[in-house]
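**Q** sequence and predicted structure are below.
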Amino acid sequence: MKKNVLAIHAHPDDVEILAGGTLARLAAAGHTISIVTMTPGDCGSAEHSREQIARIRRMEAARSAARIGAKHHCAEFGDLGVFNDDASRRRVVEILRRLAPDLVITASPVDYLCDHEATSELVRDACFGAPLPNYATGAADAASPLAAIPHLYFMDPIGGVDRDGRAVEPDFFVNVAAQMEIKTAMLAEHASQRAWLLKHHGIDNYLEMMQTWTHENGKRAGVEYAEGFRRYKGHPYPQTELLQELVGAGVMWK
Ligand SMILES: [Zn+2]
């Protein structure tokens, strides 16, 4: 049974770093993948205007998604402008209704960046609201409510740690050793970010950092490369292990 899978995170490149290999696996198995970023990454440059860098990064995100046959959509918030408020929740619900995912994979509830944490909360609560018939999004030509709350999973935080540097433990890992080439190719599409990291953080190892981190997770999972995930367990969200079922033999329990 083919499923609709939605990966939704704050900025262009977050999904690639944290879940690109797993999405490539799911795409190869014939599932439909959508990648949503809350923002177009409009503050991710020291040399371009907001409009210029947003245009560049939309193209990069679209090219990255296309490498696994996925589509990229932007929720049209701005960098450092993602908040879990009424209008934003309605906007995210409308996106969920239009894409009608069976499975949603989003940001970790704790992470180093406010947009990441707000995205996690917003998506969690939008999943709850998406099936409610009386919850109106106010969108023109609004989509129908979902039949049910989708399965919800969290990616790891960036670097696998919370704001105090403590490890945030995933429930399980997905073996992405065979997907590292395409994962790296997806991330490499975000060429503007390598330049930006060099300028803003003084590091010129954009791809290498992702590979090192994915390898560290792999070591914990007993394979060469892995990505970690947690299932959201709150009532009344689906309590079955859909992501693990779809990944099958690639799941590495801790
Ligand atoms: Zn981000």
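**A** Right, received. Where do you want to start? Numbering: from 1, shown residues only.

**Q** for the rest of this, base every contact and every neighbour count on C-alpha atoms.
**A** Will do.

**Q** so who does residue 10 touch?
**A** Contacts of residue 10 were listed using CA atoms under 8 Å, 6 or more residues apart in numbering, and they are 37, 38, 39, 82, 107, 115, 116, 119.

**Q** dump those into CSV; add neighbour count, distance to residue 248 and secondary structure as well.
**A** Output for the contacts of residue 10, formatted as CSV (neighbours: other CA atoms under 10 Å; distance: CA to CA, whole Å; DSSP: H, G, I helix; E, B strand; the rest coil):
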residue, neighbour count, distance to residue 248, secondary structure
37, 24, 27, strand
38, 23, 29, coil
39, 25, 32, coil
82, 20, 34, coil
107, 30, 22, coil
115, 23, 32, helix
116, 26, 28, helix
119, 27, 28, helix
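
**Q** if we only consider those, which is nearest to residue 45?
**A** Lowest distance from residue 45 to those (CA to CA) belongs to residue 39, with 13.7 Å.

**Q** so that closest one makes contact with residue 12?
**A** Yes - counting by CA atoms under 8 Å, residue 39 touches residue 12, with 7.5 Å between them.

**Q** element containing the closest residue to residue 231 other than its chain neighbours, please.
**A** Spatial nearest neighbour of residue 231, excluding adjacent residues (CA to CA, 6 or more residues apart in numbering): residue 153 at 4.3 Å. Using DSSP states H and E, the element containing residue 153 is strand 151-155.

**Q** for the stretch 51-200 of the chain, which segments count as strands?
**A** For the stretch 51-200 of the chain, the strands defined by DSSP state E, counting those that start in this stretch cover 71-74, 103-106, 151-155, 172-175.

**Q** what's in contact with the strand holding residue 153?
**A** Strand 151-155 is contacted from outside by 18-19, 102-109, 120, 124, 127, 228-232, 237-240, 242, using CA under 8 Å, 6+ apart.

**Q** residues near residue 248, how many?
**A** For residue 248, the neighbour count with other CA atoms under 10 Å is 11.

**Q** same question, the one 3 residues further on
**A** Applying other CA under 10 Å, we find 20 residues neighbouring residue 251.

**Q** Provide the partner residues of the residue nearest to it when sequence neighbours are not counted in its beta bridges.
**A** Spatial nearest neighbour of residue 251, chain neighbours left out: residue 174 (4.7 Å); criterion: CA to CA, 6+ apart. Going by DSSP bridges, residue 174 is paired in beta bridges with residue 227, residue 251.

**Q** just to check, residue 174 is in contact with residue 248?
**A** No - applying CA under 8 Å, one finds residue 174 not in contact with residue 248, separated by 9.3 Å.

**Q** how far away is the nearest residue in space to residue 73 that is not next to it in sequence from residue 61?
**A** Excluding the flanking residues, the one nearest residue 73 by CA to CA, 6+ apart is residue 36, at 4.8 Å. Separation of residue 36 from residue 61 (CA to CA, to the nearest Å): 9 Å.

**Q** give me the more crowded residue out of these two.
**A** Higher neighbour count among residue 36 and residue 61: residue 61, with 28 against 25, using other CA under 10 Å.

**Q** mind listing what the residue nearest to that one when sequence neighbours are not counted touches?
**A** Of all residues not flanking residue 61 in the chain, residue 12 sits nearest, at 5.9 Å (CA to CA, 6+ apart). Each residue near residue 12 by CA under 8 Å, 6+ apart is listed here: 37, 39, 40, 41, 57, 58, 61, 190.
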